[in-house]
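Visitor: Need coordinates for the below:
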Amino acid sequence: MVRHPLTAEQIQAGQRLGVLLREARAGRDPRDIARTAGISPETLRKIETGRLPSPAFGTIVCLSDALGLPMQELAAAWRDGRALAAAS
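Guide: Predicted coordinates:
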């Protein structure tokens, strides 16, 4: 299987998602959030910094649960940044 490079839009979407997740974590220990979500702290770090701009759907569901963040907000942030604009 050939993996195509991410577009600039996909990279920006991942960065928006990362910002929203970092803000939702609000100073809580990333290791605790990662453990609750069933992912490694390194994976959480990569998502939050935009280095993993398109994480698996299951990962996002688990992070949503771990952070108490509605999936709709995560989807909106990834799609077009509406959740971030509303929070500002």
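Visitor: what residues does stretch 17-31 touch?
Guide: The contact list for stretch 17-31 (C-beta atoms under 8 Å, 6 or more residues apart in numbering) reads 33, 41, 44-45, 47-50, 53, 55, 63, 67-69, 73-74, 77-78, 83-84, 87. C-beta here means a position set from N, CA and C on the backbone, and glycine is covered the same way.
Visitor: So what's the gap between that stretch and the chain middle?
Guide: The chain centroid and the centroid of stretch 17-31 are separated by 9 Å under C-alpha atoms, centre = their mean, to the nearest Å.
Visitor: Equivalent analysis for stretch 69-79, please.
Guide: In terms of C-alpha atoms, centre = their mean, the centre of stretch 69-79 is found 9 Å from the chain centre.
Visitor: That stretch: which residues count as buried?
Guide: Of all the residues in stretch 69-79, those buried under the rule 16 or more other C-beta atoms under 10 Å are 69, 73-74, 76-78.
Visitor: Show me the contact partners of stretch 52-72.
Guide: The contact list for stretch 52-72, computed with C-beta under 8 Å, 6+ apart, reads 6, 10-11, 13-15, 17, 20-21, 24-25, 33, 36-39, 43-44, 46-47, 74, 83.
Visitor: That's all I had, so thanks and see you.
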